[in-house]
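Q: Coordinates for the following, if possible.
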Amino acid sequence: MEFSNPVLIWAGIGVVLMLAEVIVPGGIVILLGAACLVVSGALGLGLVDGFIQSMTLWFIASMVLLLGFRHITQRLVGGDSHVDNTDEALDIYNQTALVKADIGPGEKAGRVEFQGADWPALGDGTLIPSGTQVRVICRENISLIVEALPAQHIV
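A: Model prediction:
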């Protein structure tokens, strides 16, 4: 058996790439291996001859297979895709915090405990005493902008 036969080389690379899909999931490697099998078949039929034509056919076949069948392999193989909220302002909006140091009156900053950490906080200009539950409106630089909760919402 001759191992320098390009048909066998391309077929062997194709099979190895297709089996590598088990180790490197994602649906791409199997399509690259299938493109190798296309080149192997074209070499066997005499449609292409030589290294340059084989590489050109492999590139074209890879692109066609990837563009045509990527959505199918992605659905079969799955993936690690998930969508996270990247807007921190939405995560903190309307959350409650506990005042640790008086906020106000005026523009006097105080401190609140929010999500287990102490934050500088600004209010609406009125005095918000220590121990009061507040609602986070937004974040401005490193300070939280808060407002006191109405009496019926205090926990």
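Q: What segments of the chain are strands?
A: 96-101, 110-114, 117-122, 133-140, 143-148 (DSSP state E).
Q: on contacts alone, who are the packing partners of the second one?
A: It stands for strand 110-114. strand 96-101, strand 117-122, strand 143-148 (3 or more Cβ pairs under 8 Å, 6 or more residues apart in numbering; DSSP states H and E). Backbone N, C-alpha and C define where each C-beta goes, glycine included.
Q: I'd like to know which of those lies nearest to Pro129.
A: When the helices and strands packed on strand 110-114 are compared by Cβ to Cβ, strand 96-101 sits nearest Pro129, at 6.9 Å.
Q: Give the buried residues for that closest one.
A: Residues of strand 96-101 classed as buried by neighbour count (16 or more other Cβ atoms under 10 Å): 97, 99-100.
Q: now, which of these sits nearest Ile137?
A: Out of the buried residues of strand 96-101, the member with the shortest distance to Ile137 (by Cβ to Cβ) is Ala97, at 10.7 Å.
Q: Quick one: the buried residues of strand 96-101 as JSON lines, columns for distance to Val39 too.
A: Shown next, in JSON lines, are the buried residues of strand 96-101 (distance: Cβ to Cβ, whole Å):
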{"residue": "Ala97", "distance to Val39": "63"}
{"residue": "Val99", "distance to Val39": "70"}
{"residue": "Lys100", "distance to Val39": "69"}
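Q: ok, those residues vs Leu127, which is closest?
A: Set against Leu127, the nearest of the buried residues of strand 96-101 by Cβ to Cβ is Val99 (10.4 Å).
Q: any idea how the protein splits into domains?
A: The record's domain parsing of the chain by automatic domain parsing lists 6-77, 92-153.
Q: With mean pLDDT as new columns, can the ones you listed be given to me in TSV?
A: Converted to TSV, the domains of the chain look like this (pLDDT from 0 to 100):
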stretch	mean pLDDT
domain 6-77	89
domain 92-153	86
